[in-house]
Structure formats: structure tokens, C-alpha cells
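Undergrad: just coords:
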């Protein structure tokens, strides 16, 4: 069981996502929350980093946070998993510890 990395700060304002992606290990999961969901956009400058991470770890985004920012599912990077609050809980149960970035 790997760690759950919770990234909530926008990648345009913080290096949290970049630091997180440098440290994730196989079996970990990354969940993008709040402003960090902007990194999930297909045309984001962070898309190549997330695409590379998808080869090693599960990368998810909280769907309600995307919706709150007017981002449609079609705009999200292929392979990235959209989860609701129940999915967030399921990730928390499958991965320990939970690390906030």
C-alpha cells in the first residue's frame, strides 16, 4: 500500500506539484484538489509531467473541484481518473499515509 499525495495548491502559484511528482513512488496515488486541478488540463504546461507520472502511479482529480472551476471532463488529460467525494474516501482507505502538499 503506497502513500496518498494530496496536492491542493495551484501549480501556477506553488512548486508543490512538481515536488510531489519528484517524490512519488510506484504504488502511490496523487489526488489533485482545489487549485491543483488546473494541472489536470490537457493543454496545461504540467500535462507532460502528469503523463509521465501516470506510467508509475495513479493520478486523480477531484471532480467537484474541477466543476467548481468550470473545467469539463473532456478538458482533462487522458488517463487521469476523476473521483467524487466517495472516491476520495476510497483512495484514503487504500493508501497510507496521506501526505499534503
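TA: Everything's here; your move. These figures come from a predicted structure and were not determined experimentally. Residues are numbered from 1 along each chain as shown.

Undergrad: alpha carbons only for contacts and neighbour counts from here, please
TA: Will do.

Undergrad: for this structure, longest helix please?
TA: helix 85-94 (DSSP state H).

Undergrad: Just the buried positions in the helix or strand of the chain with the lowest mean pLDDT, please.
TA: None of the helices or strands of the chain scores lower by mean pLDDT, DSSP states H and E than helix 47-54, at a mean of 92. Across helix 47-54, burial judged by 16 or more other Cα atoms under 10 Å covers 47, 50, 51, 53, 54.

Undergrad: OK, contacts around the third one?
TA: Residue 51 sits next to 77, 79 when contact means Cα atoms under 8 Å, 6 or more residues apart in numbering.

Undergrad: Could you do the first one as well?
TA: For residue 47, the contacting residues are 39, 40, 41, 77, by Cα under 8 Å, 6+ apart.

Undergrad: In a markdown table: the buried residues of helix 47-54, plus distance to residue 72.
TA: Converted to a markdown table, those look like this (distance: Cα to Cα, whole Å):
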| residue | distance to residue 72 |
| --- | --- |
| 47 | 16 |
| 50 | 18 |
| 51 | 19 |
| 53 | 22 |
| 54 | 20 |
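
Undergrad: What is the nearest of these to residue 18?
TA: Residue 18 lies nearest to residue 50 out of those, by Cα to Cα, at 9.5 Å.

Undergrad: which residues of the chain score low on pLDDT?
TA: Filtered on pLDDT under 70, the chain yields no residues whatsoever.

Undergrad: so where do the helices sit in it?
TA: Along the chain, the segments classed as helices by DSSP H run 16-23, 47-54, 63-68, 85-94.
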